[in-house]
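[1] I would like to see how this sequence folds:
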Amino acid sequence: MIANKKSHPLSTREKLSFRLEWLALRVIGGILRSMPLDWASAFMGSMWRLIAPMTHRHARAKAHLMTAYPDMSLNEADRMIRDMWENLGRVSAETVLLSKIHKDPSRVTYANPEVFSPSVGEGAVLVTMHSGNWEVVSDKAEELGLPLAGVYQKLNNPFSEAYLVERRDFLYKLGLYCKGHDTGAKIISILRRKGSVAFVADVRDKRGVKIEFFKQQAAATHIPAALARTMNKRLIAVVARRKKGARFEILAKEIPVARTKDRVQDAITTTQAIHDQFEEWIREEPSQWMWIMKKWI
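    Residues are numbered from 1 along each chain as shown. Take a look at the predicted model:
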């Protein structure tokens with residue numbers, strides 16, 4: 001159900017490069033952990049806002065934004081993408097400081113927790129997107145009665161991968177799984193046992209289905225939609241919107257799951273509904289979404 005690229009033995013050069021990257025990550029992480037949470041978040045946000053516009057990804061992000069918003073001026077797009085970089089910089093700091101966020105109950109609040117109530121004791125499929133800080137979506141899931149398993153894309157660097165998984169896995173009582181050939185069976189087993197599973201579902205997936213996103217053709221994963229249909233689970237879209245500094249409000253919306261005799265069309269219909277909701281949330285706070293992604297076909 002979920003495929004992954006075949007791994008290959010690392011060369012000496014790759015190992016050295018990956019070790020240096022891992023070492024830099026640990027050093028930066030150590031510095032950030034020594035700072036108050038809000039300071040660390042603001043510091044990395046400022047750094048990314050200053051440095052990231054100098055990279056080639058800045059132009060790509062502006063192009064994506066202006067295609068989605070044809071009437072937007074170049075100056076408006078530039079300002080918004082700089083705001084995006086600041087948000088992503090904050091996310092990079094907050095990812096290594098998730099335990100600090102978790103220990104402060106005021107950091108993550110829910111706008112409409114009642115959306116989750118019918119799934120308590122039954123399990124659900126959750127989908128989120130790269131907006132606000134998607135890393136905190138699972139922060140209070142267990143308190144809501146929905147212990148989660150998470151599915152994520154594995155990093156190429158195995159050393160950095162292990163470091164970042166260690167920062168996150170305490171939030172996922174039912175396990176944190178990288179995409180792979182045996183992940184599908186594990187996820188189905190969790191859903192059968194009335195657990196819940198969370199996906200970041202806004203990335204481009206050429207093996208998925210074609211949908212419309214900001215009036216353009218895009219490729220999207222159909223796995224969450226197919227799982228919700230096959231396992232007869234509710235499908236809930238969530239977004240962790242940044243409110244002020246390292247504080248977030250989680251919004252939730254149940255997505256109707258198409259269930260007809262045509263399972264292929266059902267996957268397309270439901271995946272389109274997911275992205276319609278994503279687009280609605282992005283339009284409300286466009287600077288909080290990650291416009292650098294190569295989402296469109």
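
[2] in the stretch 151-297 of the chain, where is pLDDT below threshold?
    Nowhere does the stretch 151-297 of the chain drop to pLDDT under 70.

[3] helix or strand right after the helix or strand harbouring residue 254?
    Using DSSP states H and E, residue 254 sits within strand 248-255. Using DSSP H and E, the helix or strand that follows strand 248-255 in sequence is helix 263-284.

[4] now do the buried residues in that next one.
    Residues of helix 263-284 classed as buried by neighbour count (16 or more other Cβ atoms under 10 Å): 266-275, 277-279, 281-282. C-betas here are computed from N, CA, C, even on glycine.

[5] next one: stretch 195-215
    With burial defined by 16+ other Cβ under 10 Å, the residues of stretch 195-215 counted as buried are 195-203, 205, 208-209, 211, 213-214.

[6] helices or strands up against the helix or strand where residue 184 lies?
    Element membership for residue 184, per DSSP H and E: helix 183-192. Applying 3 or more Cβ pairs under 8 Å, 6 or more residues apart in numbering; DSSP states H and E, one finds that helix 183-192 contacts strand 148-152, strand 176-178, strand 196-200, helix 223-230.

[7] angle of it against strand 148-152?
    Taking axes from the mean of the first three to the mean of the last three Cα atoms, to 10 degrees, one finds helix 183-192 and strand 148-152 inclined to each other by 160 degrees.

[8] alpha carbons of helix 183-192, as CSV, please.
    Output in CSV follows, covering the C-alpha atoms of helix 183-192 (Å, rounded to 0.1, in the frame of the first residue of the first chain):
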residue,chain,number,x,y,z
THR,A,183,3.7,0.1,6.8
GLY,A,184,0.3,-0.5,5.2
ALA,A,185,-0.2,-3.7,7.1
LYS,A,186,0.7,-2.1,10.4
ILE,A,187,-1.6,0.8,9.9
ILE,A,188,-4.5,-1.4,8.9
SER,A,189,-3.9,-3.5,12.1
ILE,A,190,-4.0,-0.3,14.2
LEU,A,191,-7.3,0.8,12.7
ARG,A,192,-8.8,-2.6,13.2
